[in-house]
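> need coordinates for the below:
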Amino acid sequence: MLEPFLSTNEITKISFECGLDRILSGGIESKTITQFYGPPASGKTNLCLLAVVRCVGQGKKAVFIDTEGGHSIERLSQIAGDNLEAVLENSYFYEPASFSDQQFIVENLDQIITPDVGLIVLDSAVAFYRFERNDENASEINKALTSQLALLSGLARKHNLAVIITTQVYASYEVENGVEPVGGSMLKYWSKVIVELKREGRDVEAVLVRHRALPDGMSVRFRITSEGIKTLD
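Next up is the predicted model:
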């Protein structure tokens, strides 16, 4: 007999505790995939690590899937400071070596998800996808990426947790700003909140592209620091 699924948990938010919360209606929402996209060194990983620190600070655990091997633990120690031990004790870190590894991890996340988990990060969702995709396997690998996003969305809604994905950009003459996120319509469909990061010298502008409750185009500027990020306006 079929029984309908009804989540009675209210949406929770992971606050960045800085000006970035203004364009996110208070922080990263549970039950939702939030996407950050931008060029290299635009702060994507820094925001993900800061979200992990804030999540643990709220008494929850976090899952971090690092597909680029970007020395996340070393940077995490700078951002977490004296709270590093608590963050490490309450986080699961994975470094897949291929797209198939990434697929395996995402498909098996349900084995470690408990009510204590408040955040899943996939940084970057498209690093291996971009490298391994070709004309012969395009259809198969597109389906696999879509499957991963669907699984992450399902976990977010079922367990009332937040999901962050990041993606790189490529040059495009079809849009006004000249760049588009890798993964295009697939990532856009599953991401209910989307933020573009634009590097401007030492500073970064975060621009809200999509949100269920806020108008598009809201923005805030920040600077990456040794302790994390510092909002400038």
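> would you verify that V63 is located in a strand?
Yes: under DSSP: H, G, I helix; E, B strand; the rest coil, V63 falls within a strand.
> check contacts around it.
By C-beta atoms under 8 Å, 6 or more residues apart in numbering, the contact list for V63 reads 91-92, 94, 109, 112-113, 117, 119-121. Yep, even glycine has a C-beta here, placed from its N, CA and C like the rest.
> filter those down to the buried ones and hand me the ChimeraX line.
Provided next is the ChimeraX selection string for whichever of the contacts of V63 are buried by 16 or more other C-beta atoms under 10 Å:
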select :91,94,109,113,117,119,120,121
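> point me to the helix or strand that includes M186.
Secondary structure assigned from DSSP states H and E places M186 in helix 184-190.
> just after that helix, pick out the following helix or strand.
strand 193-200.
> list the strands paired with that following strand, with their directions.
With DSSP bridges as the test, strand 193-200 is paired with strand 33-37 (parallel), strand 203-210 (antiparallel).
> which helix or strand in the chain has the lowest average pLDDT?
Among the helices and strands of the chain, strand 169-171 carries the lowest confidence by mean pLDDT, DSSP states H and E, at a mean of 78.
> name the helices or strands packed onto it?
If contacts are counted by 3 or more C-beta pairs under 8 Å, 6 or more residues apart in numbering; DSSP states H and E, strand 169-171 sits against strand 179-181.
> buried residues, the strand it packs on. List them.
For strand 179-181, burial by neighbour count (16+ other C-beta under 10 Å) applies to 179-181.
> contacts for it, please.
For strand 179-181, contacts defined as C-beta under 8 Å, 6+ apart pick out 35, 37, 39, 167-172, 174, 187-188, 196.
> change it to 10 Å
35-39, 125-126, 166-172, 174, 187-188, 191, 194, 196, 198, 209 (C-beta atoms under 10 Å, 6 or more residues apart in numbering).
> state the mean pLDDT of the helix holding M186.
Average pLDDT, helix 184-190: 91.
> what packs against the longest helix along the chain?
Counting by DSSP state H, the longest helix found in the chain is helix 138-159. Under the contact criterion of 3 or more C-beta pairs under 10 Å, 6 or more residues apart in numbering; DSSP states H and E, helix 138-159 touches strand 33-37, strand 61-66, helix 99-107, strand 117-123, helix 127-132, strand 162-167, helix 184-190.
> list the buried residues in it.
Across helix 138-159, burial judged by 16+ other C-beta under 10 Å covers 141, 144-146, 148-149, 151-153, 155-157, 159.
> name the nearest of these relative to S15.
Taking C-beta to C-beta as the measure, S15 sits nearest to A156 out of the buried residues of helix 138-159, at 17.6 Å.
> what about R130, distance to D216?
To D216, R130 is 26 Å away according to C-beta to C-beta, to the nearest Å.
> so the two - more neighbours on which side?
R130 (15 against 10; other C-beta atoms under 10 Å).
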